[in-house]
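Colleague: below is the structure, and that's it, no one-letter string:
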Ligand SMILES: Nc1ncnc2c1ncn2[C@@H]1O[C@H](COP(=O)(O)OP(=O)(O)OP(=O)(O)O)[C@@H](O)[C@H]1O
């Protein structure tokens, strides 16, 4: 899958980000190869969201970030990257329907803005069905529960069939059944060779899919190594006891426990 002739999907070196006068990331290195599924773990406030936001060009940073072999500052293939923010912004004004939100994800594939094609609508309808929102497809998204909105945003991130999917806590607010459905979708993407970077607090049904885990602690990579086998318990904690980790820094025995948002 990985080849010396193929550049990494993400090649980040020494990424440092200051926010509000605080150094939130302190020199993070991250390399993701095509088809890899990498999860970013760590306690609340460790810098996970900051890292993925910097990687997709949403935050000024120091250090080097390349996407698909191109420095971020010159990267224009935005359609190759599907990004799902941690807390999708609420819509203002007239709220879009679920279908409109999902289809809008496909429009980034187009060189110029235009109406969605029949294929876009078919893909969107398929994903809406897959995330269990078919009955709500015509509803304004603001009329959905938080977890249902989250599922719509997951579908939006996937509809353009990107080569890299970056997701910031996509599991937040979705129930166990939706998590299973979502794991199935990510499994298909993984088989297609899509690279996936996912911030998570716990992996649940995603655990068997993950190739590598990166654990942040106060803006630094505390651990980076292979993900363990199937399981639904705390991945971060597992790493502290893994028999074959590639440890870049010592991991405290009492790792942070998974938890929801504060
Ligand atoms: N705009 C900002 N100005 C100042 N500090 C900020 C800003 N945004 C984030 N921070 C701080 O940066 C640190 C890292 O935040 P970040 O959201 O990246 O953490 P996280 O690991 O994603 O946390 P969580 O698990 O809670 O989502 C936190 O201490 C946070 O308070």
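Modeller: That came through fine. Predicted model, so just to flag it, every value in this text is computed and none were measured.

Colleague: where does pLDDT dip in this structure?
Modeller: Where the chain drops to pLDDT under 70, the residues are 1-4, 87-94, 107-116, 227-262.

Colleague: show me where the stretch 101-250 of the chain has its strands.
Modeller: Assigned strands in the stretch 101-250 of the chain, in chain order: 164-168, 195-199, 212-217, 220-226 (criterion: DSSP state E, counting those that start in this stretch).

Colleague: for the protein, which residues are neighbours of the ligand?
Modeller: Selection of the chain residues close to the ligand by C-beta under 6 Å from any ligand atom yields 19-20, 22, 24, 42, 44-50. Any C-beta I mention is one placed from the backbone N, CA and C, and that applies to glycine too.

Colleague: one more pass at 8 Å, please.
Modeller: Within the chain, the positions near the ligand by C-beta under 8 Å from any ligand atom are 19-22, 24-25, 42-51, 53, 86, 168-169, 199, 201, 216, 219, 261-262.

Colleague: buried subset of these?
Modeller: Buried positions within those, assessed by neighbour count (16 or more other C-beta atoms under 10 Å), are 24-25, 42-43, 46-51, 53, 168-169, 199, 201, 216, 219.

Colleague: and stretch 176-183, how far out from the chain middle?
Modeller: With C-alpha atoms, centre = their mean, to the nearest Å as the basis, the distance from the averaged C-alpha position of stretch 176-183 to the chain average is 15 Å.

Colleague: what's that stretch in contact with?
Modeller: Outside of stretch 176-183, the residues that reach it under the criterion C-beta atoms under 8 Å, 6 or more residues apart in numbering are 130-132, 147, 151, 154, 170-171, 174, 204-206, 209.

Colleague: redo these as JSON lines? Include neighbour count.
Modeller: Conversion of the contacts of stretch 176-183 to JSON lines gives the following (neighbours: other C-beta atoms under 10 Å):
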{"residue": "130", "neighbour count": "18"}
{"residue": "131", "neighbour count": "24"}
{"residue": "132", "neighbour count": "17"}
{"residue": "147", "neighbour count": "13"}
{"residue": "151", "neighbour count": "28"}
{"residue": "154", "neighbour count": "29"}
{"residue": "170", "neighbour count": "25"}
{"residue": "171", "neighbour count": "25"}
{"residue": "174", "neighbour count": "23"}
{"residue": "204", "neighbour count": "19"}
{"residue": "205", "neighbour count": "18"}
{"residue": "206", "neighbour count": "25"}
{"residue": "209", "neighbour count": "20"}
